[in-house]
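J.: Have a look at this fold, sequence not included:
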């Protein structure tokens, strides 16, 4: 026996499952009237300096001992006013993860190794030993510990907080990809770049790293200083 669905508002016509045609028209008319009062779209906050996501690749032909600090990364991009001077364009930066590749020895197939360590506060004491051998490059992705300095936003140009380091005296070629979030500086003349050389005046420049020390890493495909 067929049940009577009239009492619960159901019909055999799928187009009327949500009310009669008049009811649907009334609902549409009500929504249009409401939009005329409040506007059709929700107005969201607009940030003057939104958070951006970026990746940059560095390479070296001679890996050596060094430490990357917060002030180094805050100078990852700048504006050159002369061939040897300029200003940072970065107000704050936060590492998402690193990707490191150590090139093999193609001549003798001898192993090549280096040691990586996260630095700063709240980091484990363990180190990561990266070894390339047999003509095969060694690649590893490295994520900052959750509560470490490397996982925090960095914005202090006056205090160099150590973030990560490499221990290698082998002078081997390597590649470092840094994936990060950053905020553009609202006043681009407030923080001078520590040291650049050979830049083109009035252009964007990507300083080598460490930006405040002896250069080890050089940006790939970008104008360095």
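T.: Sure, I can see it. This one's a predicted model, so the numbers in the text were calculated from it and none came from an experiment.

J.: Quick check: closest non-adjacent residue to the most centrally placed residue in the chain.
T.: The central residue of the chain, meaning the one whose C-alpha is nearest the mean C-alpha position (CA atoms, centre = their mean), is residue 180 at 1.5 Å. What sits nearest to residue 180 in space, not counting adjacent residues and going by CB to CB, 6 or more residues apart in numbering, is residue 95, at 5.2 Å. The way it works is simple: take the backbone N, C-alpha and C, and place the C-beta from them, glycine included.

J.: just the strands in the chain please.
T.: Counting by DSSP state E, the chain has these strands, from start to end: 51-60, 66-69, 78-80, 86-88, 90-102, 112-118, 128-132, 138-142, 162-167, 174-184, 203-205, 218-219.

J.: got the buried residues for stretch 159-167?
T.: Taking 16 or more other CB atoms under 10 Å as the basis for neighbour counts, the residues of stretch 159-167 that come out buried are 160-167.

J.: Return the member of these nearest to residue 53.
T.: Within those, proximity to residue 53 (CB to CB) peaks at residue 163, which comes in at 18.0 Å.

J.: Pull the distance from stretch 214-225 to the chain's centre.
T.: Centroid displacement of stretch 214-225 relative to its chain, using CA atoms, centre = their mean, to the nearest Å, is 17 Å.

J.: now stretch 151-171, how far from the centre of its chain.
T.: The gap between where stretch 151-171 is centred and where its chain is centred comes out at 15 Å by CA atoms, centre = their mean.

J.: What are the contacting residues of it?
T.: Residues lying outside stretch 151-171 but in contact with it, judged by CB atoms under 8 Å, 6 or more residues apart in numbering, are 62-74, 88, 91-95, 98, 112-120, 127, 142, 144-145, 149-150, 191, 212, 216.

J.: quick check: mean pLDDT across stretch 21-35?
T.: For stretch 21-35, the mean pLDDT works out to 74.

J.: tell me how far that stretch is from the chain's mean position?
T.: Taking CA atoms, centre = their mean, one finds stretch 21-35 lying 46 Å from the centre of the chain it belongs to.

J.: same thing with stretch 121-129?
T.: Centroid displacement of stretch 121-129 relative to its chain, using CA atoms, centre = their mean, is 21 Å.

J.: got a list of contacts for that stretch?
T.: Residues outside stretch 121-129 that contact it (CB under 8 Å, 6+ apart): 113-118, 140, 142, 145, 147-150, 167.

J.: quick one on the thing from earlier: of the buried residues of stretch 159-167, which is the nearest to residue 174?
T.: residue 166 (8.4 Å).

J.: Over to residue 106: give its phi and psi.
T.: Here the main-chain torsion angles of residue 106 (degrees, to the nearest 10) amount to phi -80, psi -10.

J.: Does it touch residue 136 like I think?
T.: No - counting by CB atoms under 8 Å, residue 136 is not a contact partner of residue 106; they are 10.3 Å apart.

J.: Among those two, which residue is more densely surrounded?
T.: When residue 106 and residue 136 are compared for neighbours, residue 136 comes out ahead with 10 against 7, by other CB atoms under 10 Å.

J.: Tell me who's in contact with the closest residue to the more buried one other than its chain neighbours.
T.: In space, and not counting its chain neighbours, residue 136 is closest to residue 104: 5.7 Å by CB to CB, 6+ apart. The contact partners of residue 104, taken as CB under 8 Å, 6+ apart, are 112, 132-138.
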